[in-house]
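J.: Sequence plus predicted model, see below.
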Amino acid sequence: MIHDVGGPSAIVSLFSGNGGARQQAHGWICMSAEDTMIQDFKDRMKKQGFEGLKNEIILRELCAGCGACSAVCPRDIVEYGPDGLPRLKGGAECVPCGLCAIHCPRSFLDTEEVERSLFRGEKDELGYHIRILSARAKDPELQGSVQDGGVVSAILKHAFGDKSIDGAVVCLGDERFIGSPFLAKNWEDAKRASKSKYNLSPNLVALRQARQERLERLALVGLPCHLAAFRKLEFYGPKSVTQRVAFTVGIFCSENFCERLMAEFLPARGIDPLKITKLNIKGLFRVEAGGQLHEIPLPQMNSVVNPGCLPCRDFTAEFADISVGAVGSPDGWCTVIARTPTGDAILKSLLDEGALETGELTKPKTLRRMSLSKKKRGNLKLIEIMSREAALPFRSVELPAEEKGEEK
């Protein structure tokens, strides 16, 4: 098995980007050997088809449920089950081509090549960024009806308003806050998806629908896994899937949860999923339901964390044009990270039009510490994988030291 689940700014990475030999946990490996391993993997997947994806990714609990495999399937026979994992549609027979496994972001991904093409300057614990600030939407329509500061909603409302997009790939929740991919074709559609959901949602599936409906300028809103998958498709996949995306918005993410969260975990604690009005993670898993706030320590939720989230090292959606999350800012505000010139131009346009109120981050060290913590957790999971699987073409795993000092 060959894969880089490290994501952007990865210390653990499939490629070194500078040729020559590199040390890894099992010794030294040359770039030519890596190329051979990748080609061998592709050749096997072309023969095995979906069965190869199942054996290499799904059964090894590496799947993040991003939707890339379904988006690239030429026969449109890959769907997602209630568990958030891919499966063949009922009665469908796979004619092996291997595209699903080859384009899976958890099989292999040259993060450094992607970073060199997207970003400029230096990177730190939060990845590459042009500027970071705290912001909230000024629009009265958004205040009180969105997640935290409403910046993502402000971005989409602005983009639909000036016709810079004709569609947005988002995650729409049902009455139990279970999200699924949704292609919004106007602002009225998009605002229905304004609050966070914490299940696996294969958002990239909606890219296929956008192509079928001939939409030309899309915003893609997703988690770190969605953005890593999109960048792999953008750089190495069929252009018909990705060329319609005008910009990407990434949402901070510590982990997602399996279907048992709503079916068993919350009901066992007296929380009716049908009465939920808001979900959030800020040190605790916070559930607003039936007029009450329930706070659950995250370690108590380990049994319902999606296993495919554990190898991920990206907390702040480092592959996005612009990333948004609550950590680091006061309640009711968003932390906004403009990473690419495209993302910075979007932020500048909103600021110039007075759509956002801005301020300073109140807990920047907490933001950086959570980012480092997720990288550390991902590295530990990689070490576990490397200990039980065949030698993998990783660089030696380094665990980032967590920042000490004040809580801010």
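T.: Cool, the structure landed. Numbers count the residues shown, from 1 in each chain.
J.: Can you tell me the SS state at Thr248?
T.: With DSSP: H, G, I helix; E, B strand; the rest coil as the basis, Thr248 sits in strand.
J.: Could I get the contacting residues of it?
T.: Contacts for Thr248 were tallied using C-beta atoms under 8 Å, 6 or more residues apart in numbering; they are 219-222, 227, 230, 319-322. Just so you know, the C-beta spots here come from the backbone N, C-alpha and C atoms, and that holds for glycine as well.
J.: Surely Val78 and Leu99 touch.
T.: No. Val78 is beyond contact range of Leu99, at 9.8 Å (criterion: C-beta atoms under 8 Å).
J.: Quick check: neighbours shared by these two?
T.: Common neighbours of Val78 and Leu99 are listed as Cys69 (criterion: C-beta under 8 Å, 6+ apart).
J.: circling back: just the contacts of Thr248: which are in strands?
T.: 219-222, 322 (DSSP state E).
J.: can I get those in TSV with pLDDT?
T.: Listed next are these as TSV, based on pLDDT from 0 to 100:
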residue	pLDDT
Ala219	98
Leu220	98
Val221	97
Gly222	96
Ile322	98
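J.: Give me the phi and psi for Pro267.
T.: Main-chain torsions, Pro267, degrees, to the nearest 10: phi -60, psi -40.
J.: got the CA positions of stretch 341-356 in CSV?
T.: Backbone C-alpha positions of stretch 341-356 (Å, rounded to 0.1, in the frame of the first residue of the first chain) are rendered in CSV as follows:
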residue,chain,number,x,y,z
PRO,A,341,-4.3,35.1,-4.3
THR,A,342,-7.8,34.0,-5.2
GLY,A,343,-8.8,33.6,-1.5
ASP,A,344,-7.3,36.9,-0.6
ALA,A,345,-9.2,38.6,-3.4
ILE,A,346,-12.4,37.2,-2.1
LEU,A,347,-11.7,38.5,1.4
LYS,A,348,-10.6,41.9,0.1
SER,A,349,-13.8,42.2,-1.9
LEU,A,350,-16.0,41.5,1.1
LEU,A,351,-14.0,43.9,3.2
ASP,A,352,-14.2,46.7,0.6
GLU,A,353,-17.9,46.3,0.4
GLY,A,354,-18.3,46.4,4.2
ALA,A,355,-19.8,42.9,4.3
LEU,A,356,-17.5,41.9,7.2
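J.: I'd like the average pLDDT over that stretch.
T.: Mean per-residue pLDDT for stretch 341-356: 96.
J.: Identify the residues contacting it?
T.: With C-beta under 8 Å, 6+ apart as the criterion, stretch 341-356 contacts 130-131, 135-139, 151, 154-155, 158-159, 247, 320-322, 336, 338, 358.
J.: now with 7 Å?
T.: For stretch 341-356, the surrounding residues in contact (C-beta atoms under 7 Å, 6 or more residues apart in numbering) are 130-131, 135-139, 151, 154-155, 158, 247, 320-322, 336, 338, 358.
J.: Could you tell me how far it lies from the centre of the chain?
T.: In terms of C-alpha atoms, centre = their mean, to the nearest Å, the centre of stretch 341-356 is found 23 Å from the chain centre.
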